[in-house]
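*Asks:* predicted structure and sequence below. I'll ask about it afterward.
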Amino acid sequence: MRTLSKLTMALALASAVISCTGNKAPKHSPEAEALLARLEKIAASGKHMVAHQDDLLYGTYWNINIDGPQDFGRSDVLSCAGDFPAVVGFELGEIELQGEYSLDSVCFDYIRQAALAHYWRGGIVTFSWHCRNPLTGGSAWDVSSDQVVKSILPGGSEHEKFMGWMGTLADFFDTIVSDDGERIPFIFRPWHEHTGNWFWWGVDGKCTNEDYIALWRMTYDYLVGERGLDNMLWAISPDVRFCLDAEIVEASYPGDEYMDIIGMDCYWWKNDDILQARENFVKKMRGSLDVLTALGKKHHKLITVAETGAEGIPDPQWWTEGLAASLEGYNVLYALTWRNASDEAHKGHYFCTYPGEMTEPDFKAYTEMDNVLLLNDIL
């Protein structure tokens, strides 16, 4: 088994001491505890990490499904900034169906290999899961019934099926290991944007706060308690829309012992007036980060922008005058821009720059800021 460095062990022990002072936290393996301590150190620095969804798997004009895996060394961020993002997100939607490909048409084996490649480079990995609707068979966005969550809780009609789905997810997580079988640490962010009504787990009319909390705890109890996957850090990320509402988040908060990171998903809203749209975005982000910061302090958790971006990036100064201006002064762990779709059906569906894209110079300027961290900045 790969041994932890003296520095990593020291950080892990320091974090463990903090955890023993009364702050509740999930069960962590030594590797996960070391990752948490590393993240705490980064957050305390006042700097934030660049993060991008599916960064090593495809970009606006390339796709590893076509080219095949080599060393997972291609990246739109790398092409524009000269370095990989510090954090890479991966999506596991439809893993529960036991097929070969995700809902974004990426081979799950490539996702596994890419996650390992980024980890061994020194990067940080996070997984999301847009699970299909277990009651109707529809997608994660199928909100035709408000009984889905209730149906998968203990005693529900779909409980056994859903537990099988989680078993398949756990089986995949069990493959995210080094050559000698060591489970690598990562961030898991299930049941996101739950404050809205566009996913079947949304508390805005699709399930109750109590049922959402029960779903989260059941997920944790199975993956960590039953399957022993204590190498994960757990992150929740409500959607902000107008601004984050602390009361809504608190009402559906699963508890400190189930959480490491409190994040938020906040996207740019399209507007014909670019300057007005930028102003609205910055105002929305900063107002929400005020709330998120207070929640993080109250619960002794790290905070992050788990998803953000502007589809098609219509603002040539979005990176420096939009995103950077939004984050200035906050101890945000990272800001993850969503994926750069490569297929023709999603043409224009990109949230990070790529070579030749209008905002490439501004993105380069953003990544060169003193408080912005790429991969080599966290090694």
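*Replies:* Received, thanks.
*Asks:* doesn't residue 127 make contact with residue 169?
*Replies:* No: the criterion here is CB atoms under 8 Å, and residue 169 misses it with residue 127 at 9.3 Å. In short, each C-beta sits where N, CA and C put it, glycine included.
*Asks:* list residues touching both of those two?
*Replies:* With contacts defined as CB atoms under 8 Å, 6 or more residues apart in numbering, the residues adjacent to both residue 169 and residue 127 are residue 92.
*Asks:* average pLDDT for stretch 353-360?
*Replies:* Averaged across stretch 353-360, pLDDT comes to 97.
*Asks:* okay, buried residues for it please.
*Replies:* For stretch 353-360, the neighbour count (16 or more other CB atoms under 10 Å) marks 353, 354, 357, 359, 360 as buried.
*Asks:* endpoint to endpoint, that stretch covers what distance?
*Replies:* Looking at stretch 353-360, the gap from its leading to its trailing residue is 6 Å under the measure CA to CA, to the nearest Å.
*Asks:* and what of stretch 310-323?
*Replies:* Using CA to CA, the end-to-end distance of stretch 310-323 comes out at 10 Å.
*Asks:* follow-up on the earlier one: nearest to residue 59, out of the buried residues of stretch 353-360: which one, please.
*Replies:* residue 354 (5.7 Å; CB to CB).
*Asks:* please identify which pair of the buried residues of stretch 353-360 lies farthest apart.
*Replies:* Comparing all pairs in the buried residues of stretch 353-360 by CB to CB, the longest separation belongs to 354 and 359, at 9.6 Å.
*Asks:* shaky segments in the stretch 1-150 of the chain?
*Replies:* Within the stretch 1-150 of the chain, the set of residues satisfying pLDDT under 70 comprises 1-23.
*Asks:* tell me where it has helices.
*Replies:* Read by DSSP state H, counting those that start in this stretch, the stretch 1-150 of the chain holds these helices, from start to end of the chain: 6-19, 30-44, 64-67, 76-81, 108-120, 148-152.
*Asks:* pick the most deeply packed of these.
*Replies:* Stretch with highest mean neighbour count among the helices of the stretch 1-150 of the chain: helix 148-152 (a mean of 24; mean count of other CB atoms under 10 Å).
*Asks:* elements contacting the top helix by length along the chain?
*Replies:* With residue count as the measure and DSSP state H as the assignment, the chain has helix 274-299 as its longest helix. Contact here means 3 or more CB pairs under 8 Å, 6 or more residues apart in numbering; DSSP states H and E; on that basis helix 274-299 packs against helix 246-251, strand 261-267, strand 302-309, helix 324-327.
*Asks:* possible to save these as TSV with mean neighbour count, distance to residue 368 and mean pLDDT?
*Replies:* Formatted as TSV, these follow (neighbours: other CB atoms under 10 Å; distance: least, CB to CB, whole Å; pLDDT from 0 to 100):
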stretch	mean neighbour count	distance to residue 368	mean pLDDT
helix 246-251	14	34	96
strand 261-267	24	24	98
strand 302-309	26	20	98
helix 324-327	21	11	98
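*Asks:* relative to residue 91, which of the ones you listed is closest?
*Replies:* So among those, strand 302-309 is nearest, using CB to CB, at 11.0 Å.
*Asks:* partner strands of the closest one and their direction?
*Replies:* Partner strands for strand 302-309, per DSSP bridges, with pairing direction: strand 261-267 (parallel), strand 332-337 (parallel).
*Asks:* okay, strands next: where are they in the stretch 101-250 of the chain?
*Replies:* Using DSSP state E, counting those that start in this stretch, the strands found in the stretch 101-250 of the chain span residues 124-129, 186-190, 232-236.
*Asks:* mean confidence for the last one?
*Replies:* The reference is to strand 232-236. Taken as a whole, strand 232-236 carries a mean pLDDT of 98.
*Asks:* which neighbours in the sheet does that strand have, and how are they oriented?
*Replies:* Those paired with strand 232-236 in the sheet (DSSP bridges) are strand 186-190 (parallel), strand 261-267 (parallel).
*Asks:* now residue 112: closest residue in space, sequence neighbours ignored.
*Replies:* Of all residues beyond its chain neighbours, the one nearest residue 112 is residue 175 (5.5 Å), with distances taken as CB to CB, 6 or more residues apart in numbering.
*Asks:* and residue 172, by the same measure?
*Replies:* Computed as CB to CB, 6+ apart, the closest residue to residue 172 that is not its neighbour in sequence is residue 95, at 5.6 Å.
*Asks:* quick one: that neighbour and residue 106 touch, right?
*Replies:* No: Residue 95 is not in contact with residue 106 according to CB under 8 Å; the separation is 10.8 Å.
*Asks:* just put the strands paired with strand 302-309 in TSV and tack on distance to residue 118.
*Replies:* Supplementary listing: these in TSV, determined by distance: least, CB to CB, whole Å:
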stretch	distance to residue 118
strand 261-267	18
strand 332-337	13
